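Engineer: can you look at this prediction? I've put the sequence above it.
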Amino acid sequence: LLTGLVGACLVARKCLPQGAVGESFNQGFRTSGQILVLTGVGGSLAAVVEKAGLGDIVKDSFSASTWAPLALVWVIAAVLHMAIGSVTTSAITAAGILAPVAPGLDVPPVLIALAAGAGSLFAIHATSNTFWLLQTLMGQTTRGTLKTCTLTVSGASVIALLLVQALSFVM
């Protein structure tokens, strides 16, 4: 993201006046900077969880069936999202918990990533930046956004988990 932002500013420098390039860079950095920080925090949290040995506990708790680990990573991502409000951090952390032990569970890492992504979308509510972004973009009240976005995205999250579970039988 940072490389793309710098590249775009270099191209814009030829087409825009000097002040406009600086303002564009500032605006782009505000937008992409938050994503970079959240991704870094999520990766760091996943590394701490891995070093703490939670992956070994998870590995010992499940059989070779792929159903339980995928459901577990979905639940972990959903709970983390509800607690901290970040889709990115919850998905990266949940996947980071199970990814190191996935080979021992015969679970393809791509399915863990998909289940974590699906779980991180569950229950978008007031602690999530996505909730407020959707409310603003759709021009709804908080109650209206809870009724429309939270229910719809949560339903999509559950359907995605079911699809990932079905895909696990094929892979």
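Structural biologist: Looks like it came in fine. Numbering: from 1, shown residues only.
Engineer: for the rest of this, base every contact and every neighbour count on C-alpha atoms.
Structural biologist: Noted.
Engineer: following element in sequence after the lowest-mean-pLDDT helix or strand in the chain, please.
Structural biologist: Least confident element among the helices and strands of the chain, by mean pLDDT, DSSP states H and E: helix 54-61 (a mean of 58). Downstream of helix 54-61, the first helix or strand assigned by DSSP states H and E is helix 67-84.
Engineer: packing partners of that following helix?
Structural biologist: On a contact count with 3 or more C-alpha pairs under 8 Å, 6 or more residues apart in numbering; DSSP states H and E, helix 67-84 meets helix 87-98, helix 109-120, helix 151-170.
Engineer: tell me the contacts of residue 145?
Structural biologist: Neighbouring residues of residue 145 by C-alpha atoms under 8 Å, 6 or more residues apart in numbering: 131, 134-135.
Engineer: starting at the chain centroid, how far to stretch 160-171?
Structural biologist: Put simply, stretch 160-171 sits 19 Å off its chain's centre (C-alpha atoms, centre = their mean, to the nearest Å).
Engineer: same question for stretch 68-84.
Structural biologist: Its chain's C-alpha centre and that of stretch 68-84 lie 11 Å apart, by C-alpha atoms, centre = their mean.
Engineer: cool, stretch 135-147 as well?
Structural biologist: Stretch 135-147 sits 21 Å away from the centroid of its parent chain (C-alpha atoms, centre = their mean).
Engineer: what do you get for stretch 97-108?
Structural biologist: The chain centre lies 19 Å from the centre of stretch 97-108; the measure is C-alpha atoms, centre = their mean.
Engineer: below-threshold pLDDT in this protein: ranges please.
Structural biologist: Confidence mapping of the chain against pLDDT under 70 gives the ranges 1-2, 29-43, 45-47, 49-50, 53-67.
Engineer: before we move on, the earlier item: looking at the helices and strands packed on helix 67-84, which one is packed in the most?
Structural biologist: Highest mean neighbour count among those (mean count of other C-alpha atoms under 10 Å): helix 87-98, with a mean of 28.
Engineer: which neighbouring elements make contact with the helix or strand just after that helix?
Structural biologist: Next along the chain after helix 87-98, taking DSSP H and E as the criterion, comes helix 102-105. Contact partners of helix 102-105 among helices and strands, from 3+ C-alpha pairs under 8 Å, 6+ apart: helix 109-120.
Engineer: show residues contacting the helix or strand that the helix it packs on is followed by.
Structural biologist: Using DSSP H and E, the helix or strand that directly follows helix 109-120 along the chain is helix 129-138. Here helix 129-138 makes contact (C-alpha under 8 Å, 6+ apart) with 85-86, 124-126, 141-142, 145, 149-150.
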